[in-house]
Structure formats: C-alpha cells, structure tokens
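Enquirer: here are the coordinates; sequence isn't available:
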C-alpha cells in the first residue's frame, strides 16, 4: 500500500484537519520497506516478523501511547483472549443461527463485541 501510505503522509503534512492524525506503519521485516518506498525515512516503522502476537503487541503499545487513551491490556492478554474467542466462535455463531463459515464482517464484529462483553 505504498500509494495509500504516501497519500496519508502527504495529507498529514500538508492538510489542515489531517495534520493531527496518527498512523502506525508495520512491515514483516525490518528495513524491507526500503525496497519499495525510498522516501519514508524518518518514520518509526515497526516489524511484526510475520508473527501475529508480535503484531498485536506493537499495535497495543502504539495505541497505549496515544494521548488520552485508557489503559489497554497487555499484548499477551489480548492474544490469549483472541485465541479463546476463535476457539468458541463456531459454537457462538451456531447459537446465533449463523453459519460459522459464512460470517459477514458485521456478523463477526457483533459476535466479537458480545463475547468481549461477557468475558470482561
């Protein structure tokens, strides 16, 4: 997504309302982005190493550092909760009379939101 990232960074730098927006840039390997985007130096690019737990930790830490944010559980806790939800998802979907293999994004979002309410 180099084009979209470039548009975002340009709007952030030169756009009025967009100047306060923040973004987290991640790639699967450190410095891999240099092969595709040469003008991105100076950005704090994080590597997730193709590992979901690492990606979750990076996003969680970035969100936690945002101004005015409430406390967010640690990356390991988020990962463990996600794995529990995924294990329970087939049963949860069936209880909602939904086919687990054909969930729409909105179905998935609602099931996840309900699960989180019950497990927090």
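Expert: Noted; the coordinates are in hand. Since the structure is predicted, the reported quantities are computational estimates derived from the model, not experimental observations. Numbers count the residues shown, from 1 in each chain.
Enquirer: Now do the helices in this structure.
Expert: 2-14, 52-64, 75-95, 105-118 (DSSP state H).
Enquirer: Out of those helices, which one sits most buried?
Expert: Of all the helices of the chain, helix 52-64 has the most neighbours on average by mean count of other C-beta atoms under 10 Å, namely a mean of 16. Using the backbone N, CA and C atoms, a C-beta is placed for each residue, glycine as well.
Enquirer: so how far is that one from its chain's centroid?
Expert: 8 Å (C-alpha atoms, centre = their mean, to the nearest Å).
Enquirer: any idea which residue sits dead centre in this protein?
Expert: The centre of the chain sits closest to residue 59, judged by C-alpha atoms, centre = their mean, with a distance of 5.8 Å.
Enquirer: State the distance from that residue to residue 95.
Expert: 30 Å (C-beta to C-beta, to the nearest Å).
Enquirer: just residue 30 next, same as before
Expert: Residue 30 sits 43 Å away from residue 95, taking C-beta to C-beta as the criterion.
Enquirer: thinking again about what came up before, what's the nearest residue to the residue nearest to the centre of the chain if we skip its chain neighbours?
Expert: The shortest distance from residue 59 to any non-neighbouring residue, by C-beta to C-beta, 6 or more residues apart in numbering, is to residue 24 (6.4 Å).
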